[in-house]
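S.K.: Return a 3D structure for these sequence lines:
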Amino acid sequence: MSTIYDPQNIFAKILRGELPSTKVFEDDVALAFMDIMPRGPGHTLVIPKVPARGFLDLPKDVVGPYMERVQTVAAAVKRGMGGEGLTVLQFNESCGGQVVFHLHFHLIPRWEGIALKAPGSAMGDRAEIEACAAKIRAGF
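M.R.: Here you go, the predicted structure:
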């Protein structure tokens, strides 16, 4: 098992513009985009722009600004999607559930009585993902 940051991970490629994403927020600290395998409508990811494999790898001077962006995007996700609640998830290393080894937070709006889909269960419909992204952008 490696604990070294791999600059060829999918999120690093998204940051460099080598792979597409459906962006909802971006500044000098973070990028937020829609999960292509959403566990529910509006499932959004927030990644730092610095290379950090997991939460404990994030430079201390970036933790505060990054977490402010996570909170800002979380509020827009909940507001834009009209969520009754919000699930915030963050995993570290394989045994902790991490699949992509670039730090990221999952923000998933929630509604009473609606369960989350299983992780990695299906690719999302692109039109539905874009419609959710538009709602989230409007939530800022």
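
S.K.: other SSEs contacting the longest helix along the chain?
M.R.: Of all segments of type helix in the chain, defined using DSSP state H, the longest is helix 60-81. Where contact means 3 or more CB pairs under 8 Å, 6 or more residues apart in numbering; DSSP states H and E, helix 60-81 is packed against strand 23-26, strand 30-34, strand 44-48, strand 85-89, strand 105-110, helix 126-138. Where C-beta positions appear, they are placed from N, C-alpha and C, glycine not excepted.

S.K.: May I have the longest one as PDB, with CA atoms only?
M.R.: Output for helix 126-138, consisting of C-alpha atoms alone and laid out as PDB, is shown next (Å, rounded to 0.1, in the frame of the first residue of the first chain):
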ATOM      1  CA  ARG A 126     -25.600  13.500 -17.500                       C
ATOM      2  CA  ALA A 127     -28.800  15.600 -18.000                       C
ATOM      3  CA  GLU A 128     -29.900  15.000 -14.400                       C
ATOM      4  CA  ILE A 129     -26.400  15.800 -13.100                       C
ATOM      5  CA  GLU A 130     -26.300  19.100 -15.100                       C
ATOM      6  CA  ALA A 131     -29.800  20.000 -13.900                       C
ATOM      7  CA  CYS A 132     -28.700  19.400 -10.300                       C
ATOM      8  CA  ALA A 133     -25.500  21.500 -10.900                       C
ATOM      9  CA  ALA A 134     -27.600  24.400 -12.200                       C
ATOM     10  CA  LYS A 135     -29.700  24.300  -9.000                       C
ATOM     11  CA  ILE A 136     -26.600  24.200  -6.800                       C
ATOM     12  CA  ARG A 137     -25.000  27.100  -8.700                       C
ATOM     13  CA  ALA A 138     -28.200  29.100  -8.100                       C
END
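
S.K.: got a list of what the nearest residue to residue 6 once chain neighbours are set aside touches?
M.R.: Distance criterion CB to CB, 6 or more residues apart in numbering; nearest residue to residue 6, sequence neighbours excluded, is residue 101 at 6.1 Å. By CB atoms under 8 Å, 6 or more residues apart in numbering, the contact list for residue 101 reads 5, 6, 9, 53, 54.

S.K.: I am finished for the moment; much appreciated.
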